[in-house]
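Q: I would like the atomic coordinates for the input below:
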Amino acid sequence: MNSTRILNAGGRRGRIALGKALALFIILLVVFSLPVHVSAQRSDQCWAGSSQYRIGETVTISASLSSSDEYYLLIWKPDGSSTQYDLGYGSGMRNVRGTAGPPTGLRTVELWDVDTGDLVATCGFTVTGGSNKLVTLTVIVKDLNTGKALAGAEVYLDGAYGGMSDRRGKVTVRVSVGTHDLDIYMNGYTDYSATITVTRNTSCIAYLSQALWHR
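A: Prediction:
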C-alpha cells in the first residue's frame, strides 16, 4: 500500500514538472516569434566652419546628408528669430554661407529631415562683437534684355526676405558691413543669385533674364 502511494505521488510530480516545462517552452516560442523593430542609425551631420565668428565675417555651415529625403537647416539666434535654408533632396554634402550679423551670442543650427519630420543633427557657433555698423543697400532689379525696371521682384538677403521691388525696380534694406548672399525671384524670370560685399551705403543692379517658361 505504501509503495503504491509513493509511485502515484511520483507520477503526479512528474506530470507537473512536464507541464511547467511545456508552458515555459510555449512562452519562449511566442516571445521569439514576435517581430523585433530595430531603429536605423542616422549618420546625418552638420557643423560650422568655425566655433566663433565676428560680426561681418562670412559664416559657413556644412551638412552631410545620408538619405534621398528633403532637408533644411534652421539657424536660431539668441533673440528667438530664425533663418531657414533649404538643402533640397538627396544624400551628399551641402554648404550654406552667410554673414554673421547682430545680435551677438550663441547660434543653434538644426538639421531637419522634411520627409520624416525628424531633427537629425545639431551644431552651433558663437557670434562676437565686430563691426555693428549698419549701412543702406539699394538693390535695383532690371530686365536683362530691355534694361527696364522690374516691379514685383522678391529680394532676399542671406535667406531673409528684404522686400519687393517698386515701380522703379528698387528695394532698400539695412545690412551690416560684410559679405551677403543676394537672391531675387520673380514670376517669368530665371532666379537670380549673387554674393555681394558691402562696406558703405551703396546700390547694385541685378539683371534678370526671362525664363523659357512661366512658373
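Q: domain-wise, how is the protein divided?
A: Split into domains by automatic domain parsing, the chain comes to 45-128, 134-208.
Q: adding mean neighbour count and mean pLDDT, write the ones you listed out as CSV.
A: Heads up, the C-betas are built off the backbone N, CA and C, glycines and all. Shown next, in CSV, are the domains of the chain (neighbours: other C-beta atoms under 10 Å; pLDDT from 0 to 100):
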stretch, mean neighbour count, mean pLDDT
domain 45-128, 16, 92
domain 134-208, 16, 93
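Q: what about the helices in this protein?
A: 2-33 (DSSP state H).
Q: so for it, the centremost residue is which one?
A: residue 73 (1.8 Å; C-alpha atoms, centre = their mean).
Q: for residue 192, list each beta-bridge partner.
A: Note on residue 192: beta-bridge partners residue 184, judged by DSSP bridges.
Q: now swap in residue 93 and tell me
A: Applying DSSP bridges, one finds that residue 93 bridges with residue 64.
Q: who are the contact partners of it?
A: 62-65 (C-beta atoms under 8 Å, 6 or more residues apart in numbering).
Q: any idea what residue 123 is bridged to?
A: residue 109.
Q: OK, contacts around residue 44?
A: Counting by C-beta under 8 Å, 6+ apart, the residues that residue 44 touches are 63-67, 71, 111, 113, 120-121.
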